[in-house]
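*Asks:* okay, here's the prediction I keep looking at, along with the sequence it came from:
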Protein chains: 2
Amino acid sequence: MPPQPPAPAFATDRNSGLPPVKPPPPQPTEAQLRQAIALLFFAYRDFTAGADEMLAEYGFGRAHHRVIYFVGANPGITVSELLAILKITKQSLSRVLSQLLNEGFVEQETDAKDRRRRRLTLTGKAARLERLLTGLQSRRIAAAYAAAGPDSIAGFRGILRNIINEEDRVRVADGAPVQD
Amino acid sequence: MPPQPPAPAFATDRNSGLPPVKPPPPQPTEAQLRQAIALLFFAYRDFTAGADEMLAEYGFGRAHHRVIYFVGANPGITVSELLAILKITKQSLSRVLSQLLNEGFVEQETDAKDRRRRRLTLTGKAARLERLLTGLQSRRIAAAYAAAGPDSIAGFRGILRNIINEEDRVRVADGAPVQD
DNA sequence: AAAAATACGTCAGTAATGTTGACATATATG
DNA sequence: CATATATGTCAACATTACTGACGTATTTTT
């Protein structure tokens, strides 16, 4: 590449022939970034606490919740896909999934086209539990949306979406859950 | 209380003597709230993954990270205050804190005014590790801020702040870390 | 048809992080 | 002096994660 003269750090209307531009957003300060880190920690801590209590009444933990949530949101999801979402080992998933199968919260059905795959669905009682848990967390989110105001929602979603690894952003697209 | 006639679900300019109002924001749909739940799960999963890898090289886990982070952000913090932030038992904290003390990452000093309290600070090597970890997470946040655009930041912060239990919102105030 | 890859399951061992309960010490406060 | 608070510690246990090794069924590739 031919060497380029260094661009001025800050183009002004005076030295630029281009149409006027808004000044670029200042870089976030270290303090602002630290605040964001703390926000994520506290928000996740409190976001999960209520559901954890409810799960304990069923003898379940957070790992069971994740399975119930994602099977509920993606009926017919396969084991592999669940592993890709949770990013845990199959041995770790096996423990909670076997428990949920044995206790009648999840059902398996062999896929018709590829008989190696097991399609997972929630039973009725699991769907009821899922609604309880999701309702609890939804109310917290809805209250935060209402308190912060409607203009905040797009920003909240946009930034969380960009925190997520690029390859998984499709899983939180506005459309819907991911199937396969 | 005297009985009140039921308010119309939606006051219009026609039936209201009050000044015209913007229609209230529509309630978020169930799908939108589910999306937010998934966003929090995936964002937290990816937000913590990089630091976890780095910590493993030191033989530390996420619990050590939390201690290092909050002691770094609040030098001189006491054990009680750390427990209030982390919301774990003192026995759980003891394990990781003792390890950090033994390995020379955290130092204790008896508070001069109340000699029951231990003031915690990071040593130099812990401060360096803290900067590595916080830098990693800060870069992820900063990239998400940049990608989503500056208008998103206030909404992101406002909603996370409102997800946090009311009594702990002061801990993420714009000002600074919480001392005591 | 044989070989390789994929999907799933399981056994065994280990580690990190959390819990309850009980008890001890030092210090501060009424 | 009695009581409350801040901290630490011992013991037992639960949950959730990991690595490594194998095994079986099924599909895909050669």
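*Replies:* Okay, I see it. Numbers count the residues shown, from 1 in each chain, chains lettered A, B, ... in the order given.

*Asks:* now the residue of chain A found nearest DNA strand C. Its backbone dihedrals?
*Replies:* In chain A, the residue that lies nearest DNA strand C is A:Ser80 (3.0 Å; CB to the nearest atom of the strand). No exception for glycine: its C-beta is placed from N, CA and C like everyone else's. Phi and psi for A:Ser80, reported as degrees, to the nearest 10, are phi -60, psi -40.

*Asks:* for burial, what's the neighbour tally of the closest residue to it other than its chain neighbours?
*Replies:* Using CB to CB, 6 or more residues apart in numbering or on different chains and skipping the chain neighbours, the partner closest in space to A:Ser80 is A:Arg117 (7.6 Å). By other CB atoms under 10 Å in any protein chain shown, 19 other residues sit near A:Arg117.

*Asks:* now swap in A:Val79 and tell me
*Replies:* A:Val79: 17 surrounding residues under other CB under 10 Å.

*Asks:* would you confirm that it contacts A:Lys90?
*Replies:* Yes: between A:Val79 and A:Lys90 there is a contact at 7.3 Å, judged by CB atoms under 8 Å.

*Asks:* next one, pLDDT for A:Thr12 please.
*Replies:* A:Thr12 is assigned 48 on the pLDDT scale.

*Asks:* oh, I was asking about A:Arg128
*Replies:* So, for A:Arg128, pLDDT stands at 97.

*Asks:* state the distance from it to A:Gly135.
*Replies:* Distance, A:Arg128 to A:Gly135, by CB to CB, to the nearest Å: 11 Å.

*Asks:* how about A:Ala144: what's its closest non-neighbour residue?
*Replies:* Using CB to CB, 6+ apart and skipping the chain neighbours, the partner closest in space to A:Ala144 is B:Asn162 (3.6 Å).

*Asks:* give me the buried positions along the helix or strand A:Ala43 falls within.
*Replies:* Assigned by DSSP states H and E, A:Ala43 belongs to helix A:30-56. Using 16 or more other CB atoms under 10 Å in any protein chain shown as the test for burial, helix A:30-56 gives A:32-48, A:51, A:55.

*Asks:* that one near chain B anywhere?
*Replies:* Yes: Helix A:30-56 reaches chain B (CB under 8 Å from any CB of the partner chain) through A:30-31, A:33-47, A:49.

*Asks:* need the phi and psi values for the residue nearest to A:Ala144.
*Replies:* phi -80, psi -10.

*Asks:* please tell me how far it sits from A:Leu129.
*Replies:* Taken as CB to CB, the span from B:Asn162 to A:Leu129 is 26 Å.

*Asks:* residue in chain A nearest to chain B?
*Replies:* The minimum distance from chain A to chain B, using CB to the nearest CB, falls at A:Gly155 (2.6 Å).

*Asks:* the closest residue to DNA strand D within chain A: how many residues sit nearby?
*Replies:* Relative to DNA strand D, the nearest point of chain A is A:Gly61 (1.6 Å; CB to the nearest atom of the strand). Per other CB under 10 Å, the neighbour tally for A:Gly61 reads 13.

*Asks:* now do it against A:Ser92, distance only.
*Replies:* Distance of A:Gly61 to A:Ser92, given as CB to CB: 12 Å.

*Asks:* try A:Val67
*Replies:* Counting by CB to CB, the gap from A:Val67 to A:Ser92 is 11 Å.

*Asks:* which one's more surrounded, these two?
*Replies:* In this view A:Val67 and A:Ser92 are compared by other CB under 10 Å, and A:Val67 has more residues nearby, 24 against 12.

*Asks:* what helix or strand is the more buried one located in?
*Replies:* For A:Val67, the host element (DSSP H and E) is helix A:62-73.

*Asks:* can you list the low-confidence ranges for chain A?
*Replies:* Counting by pLDDT under 70, the ranges of chain A that qualify are A:1-20, A:22-25, A:176-180.

*Asks:* got a list of contacts for stretch A:135-145?
*Replies:* A:46-47, A:50-51, A:54, A:152-153, B:27-28, B:30, B:33-34, B:36-37, B:159-163 (CB atoms under 8 Å, 6 or more residues apart in numbering or on different chains).
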